[in-house]
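Colleague: The following comprises the amino acid sequence and a computationally predicted model.
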Amino acid sequence: MGYLSHEFVVLPALMVLIPPSIGLRGNIYASLGSRLSTYLHTGRIEPKFEVNPIITENIHSSTFLLLVLSIFNGFVSAEIASALGLHSFTFELVLDLILISVLAAFLSAVFMVPTTLALAIGSYKWGWDPDNLTAPLITLMGDVITLPLIFASVDVVFAIDLSLKLTSVMMVVIATLTLYRLSRGEVGWRIIRESTPILITCALMNFGAGTILGKEVEGLVTIAGILTIIPAFLEDGGAMGGILASRFSSMLHLGLLEPKIFPEREVLRSFAVTHFLGLVVFALVGVFGQIVNYILSIPTIPTAYMIATTVMAGQLLTALLNFMAYYFSILSFMKGIDPDNIGIPLITSLMDVLGTGCLILSLKLFKII
């Protein structure tokens with residue numbers, strides 16, 4: 001984002017589209033990884049790389065949800081960009097943003113599906129707990145893969161004419177309907193039924209992050225070094241929340257955690273560990289962000305201010321994610337809904353908007369923007 005900040009001058013609506021796009025990858029594939037972890041822990045699937053109806057339905061339903069929400073993200077991005085005065089609302093803008101969103105999603109799925117399967121099944125097979133690996137690594141892969149694919153998709157979409165864009169949209173609709181038909185098994189239909197309202201809610205929350213960034217686009221492009229740290233900051237917040245939510249979900253399914261309103265001592269210890277982890281991780285986000293800025297000669301702020309900003313914002317964010325991870329997990333479990341379909345999407349989406357808010361608040365407190 002820092003290196004390609006000039007793209008936001010050409011298409012400012014990208015700043016609105018990016019948070020829900022990268023959030024969607026994390027929501028869908030981290031949930032897929034969490035479900036696979038639960039299946040492995042409870043013995044519903046074997047730790048083998050083989051064709052399995054349960055895994056197949058999970059892949060079909062996850063890809064269907066990815067395409068549907070990508071179309072939704074493209075349309076809403078155009079609406080918000082227009083409301084913020086970044087663009088005039090036109091049919092071609094809507095078409096461009098939908099195609100950018102869908103093309104980046106489709107290309108990312110080629111990488112994300114095998115990666116998720118390899119992480120969940122491979123880690124369990126080698127004696128690791130997938131709950132501790134899938135959420136952070138999948139959300140990381142979602143960011144690392146999605147961002148360059150979004151910028152590449154912009155170049156592709158801008159290079160084709162209107163008739164080809166319309167043809168491409170028709171092909172997307174056909175592919176989406178085909179995946180819907182393939183997802184109508186018991187497992188796939190439950191995933192779609194429980195995940196769709198949550199993912200739509202999460203997308204709308206992610207647009208809160210996009211709106212915040214869109215309103216500050218001029219200041220952020222001027223100090224492009226801040227853009228370098230935003231994906232890493234949001235990804236780490238979502239990853240830590242995802243680890244907690246995935247662990248709480250498995251513990252609830254295995255009967256190791258009682259769904260109580262007041263957290264048990266073991267849960268509070270987990271909260272304290274997360275705060276310590278956040279202190280280290282968010283400081284490193286500032287350090288590594290500055291290293292990248294200096295290497296690529298990206299305009300930035302003094303290193304002390306960068307680290308202070310990421311640490312302050314990170315601790316605020318950690319306090320919020322601890323309680324959200326716990327209560328989203330236990331409340332969904334008490335309502336008879338699988339926490340794997342609820343906790344991670346809600347947390348990673350709220351982390352995006354709350355994380356962006358905490359980061360912008362810290363930048364304003366230090367009078368950087």
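Modeller: Okay, I see it. Numbering: from 1, shown residues only.
Colleague: Could you report the neighbour count for residue 284?
Modeller: 15 (other CB atoms under 10 Å). Bear in mind the C-beta positions are built from the backbone N, C-alpha and C, glycine included.
Colleague: Might you calculate how far the helix or strand hosting it sits from the centre of the chain?
Modeller: Residue 284 is part of helix 265-295, with elements assigned from DSSP states H and E. Relative to its chain's centre, helix 265-295 lies at 18 Å (CA atoms, centre = their mean, to the nearest Å).
Colleague: Give me the helices and strands touching that helix, please.
Modeller: If contacts are counted by 3 or more CB pairs under 8 Å, 6 or more residues apart in numbering; DSSP states H and E, helix 265-295 sits against helix 225-254, helix 303-334.
Colleague: mind listing the helices for the chain?
Modeller: Secondary structure of the chain (DSSP state H): helices at 6-10, 14-42, 53-83, 91-125, 134-158, 162-182, 186-215, 217-222, 225-254, 265-295, 303-334, 343-365.
Colleague: How about the contacts made by the nearest residue to residue 19 once chain neighbours are set aside?
Modeller: In space, and not counting its chain neighbours, residue 19 is closest to residue 209: 3.9 Å by CB to CB, 6 or more residues apart in numbering. Contact analysis of residue 209 by CB atoms under 8 Å, 6 or more residues apart in numbering lists 19-20, 23, 234, 352-353, 355-357.
Colleague: check contacts around residue 111.
Modeller: Residue 111 sits next to 141, 145 when contact means CB under 8 Å, 6+ apart.
Colleague: pLDDT of stretch 258-275, averaged?
Modeller: Across stretch 258-275, pLDDT averages out at 84.
Colleague: quick revisit: by mean pLDDT, show me the worst of the helices of the chain.
Modeller: Across the helices of the chain, helix 217-222 gives the lowest mean pLDDT, at a mean of 66.
Colleague: any idea how far the residue nearest to residue 19 is from residue 359?
Modeller: Residue 209 sits 10 Å away from residue 359, taking CB to CB, to the nearest Å as the criterion.
Colleague: and if you look at residue 174?
Modeller: Using CB to CB, which is the criterion applied here, residue 174 is 40 Å from residue 359.
Colleague: before we move on, back to that, just name the most buried of the helices of the chain.
Modeller: helix 14-42 (a mean of 28; mean count of other CB atoms under 10 Å).
Colleague: Output the contacting helices and strands for that one.
Modeller: helix 6-10, helix 53-83, helix 91-125, helix 134-158, helix 186-215, helix 225-254, helix 343-365.
Colleague: nearest to residue 27, of the ones you listed?
Modeller: helix 343-365 (4.0 Å; CB to CB).
Colleague: Report the inter-axis angle for the closest one versus helix 265-295.
Modeller: Here the directions of helix 343-365 and helix 265-295 differ by 50 degrees (axes from the mean of the first three to the mean of the last three CA atoms, to 10 degrees).
Colleague: most distant residue from the middle of this protein?
Modeller: No residue in the chain sits farther from the centre than residue 163, which is 32.1 Å out by CA atoms, centre = their mean.
Colleague: From residue 277, how far off is the nearest residue to residue 309 once chain neighbours are set aside?
Modeller: Nearest non-adjacent residue to residue 309, counting by CB to CB, 6+ apart: residue 362, 4.5 Å away. According to CB to CB, residue 362 and residue 277 sit 19 Å apart.
Colleague: what does residue 359 give?
Modeller: 18 Å.
Colleague: again with residue 156
Modeller: 39 Å.
Colleague: Contacts for stretch 51-65, please.
Modeller: Outside stretch 51-65, the residues within contact range by CB under 8 Å, 6+ apart are 28-29, 31-32, 35-36, 39, 44-45, 109, 113, 117, 176, 179-180, 182-183, 185-189, 191-192, 195-196, 199.
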